[in-house]
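*Asks:* fold the following for me, if possible:
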Amino acid sequence: MNLNDYVKFDDSCKQFEIVTGTQGKYSYDDVTRVSVLNEKAKYKGKGIPFTAVLPGGPLPSGLFQNPYLYVGIKVVLKDNSVLPIYVSKEKVLFNSDKYLNDVKEANDILKKLEKRLQS
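*Replies:* You can find the predicted model right below:
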């Protein structure tokens, strides 16, 4: 995993740039929270991203009728805007090896992101 494939950091300006999601540069100070979440594949790019939590919480409704998801990180800013960082390059089948790998990778990215934002 290369963090720069998803997010690029500029510690001197305290900014980060999202590579695989909402394009743009954002200030560390504007971030209120970050979390690893799922998004139903049919909703990607339509409305607020990442509305369903990962296995630590409830599963998305209707999951078994539409078992394909995108795994990623939800970044919430002070103005309540939501920025997605997509870890899944393509939709993945829930609980497949690829899904579980994407969840692991998203958690690794989240830890690094939180560490940077706290500094």
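*Asks:* where in this structure is pLDDT low?
*Replies:* In the predicted model of the chain, residues 1, 52-64 satisfy pLDDT under 70.
*Asks:* and the strands in it?
*Replies:* With strands called from DSSP state E, the chain shows them at 7-10, 15-18, 24-27, 31-40, 52-53, 68-77, 82-86, 92-93.
*Asks:* out of these, which is the most enclosed?
*Replies:* A comparison of these by mean neighbour count, using mean count of other C-beta atoms under 10 Å, puts strand 68-77 on top with a mean of 23. All C-beta atoms are positioned from the backbone trio N, CA, C, and that covers glycine.
*Asks:* and residue 109, how many neighbours?
*Replies:* The criterion is other C-beta atoms under 10 Å. On that basis, residue 109 has 21 neighbouring residues.
*Asks:* now it. Nearest residue, chain neighbours left out?
*Replies:* residue 6 (5.7 Å; C-beta to C-beta, 6 or more residues apart in numbering).
*Asks:* likewise for residue 107?
*Replies:* Nearest one to residue 107, counting by C-beta to C-beta, 6+ apart, is residue 36 at 5.6 Å.
*Asks:* pick out the residue nearest the middle of this structure.
*Replies:* Nearest to the geometric centre of the chain sits residue 73, at 1.5 Å (C-alpha atoms, centre = their mean).
*Asks:* which ones are touching the residue nearest to residue 107?
*Replies:* Residues in contact with residue 36 (C-beta atoms under 8 Å, 6 or more residues apart in numbering) are 54, 71-74, 103, 106-107, 110.
*Asks:* beta partners of it?
*Replies:* Here residue 36 sits in beta bridges with residue 73, going by DSSP bridges.
*Asks:* how much space between it and residue 86?
*Replies:* In this view, residue 36 and residue 86 are 12 Å apart by C-beta to C-beta, to the nearest Å.
*Asks:* which residues do those two both contact?
*Replies:* Listed contacts common to residue 36 and residue 86 are 71-72; contacts here mean C-beta under 8 Å, 6+ apart.
*Asks:* how far away is residue 95 from residue 17?
*Replies:* 32 Å.
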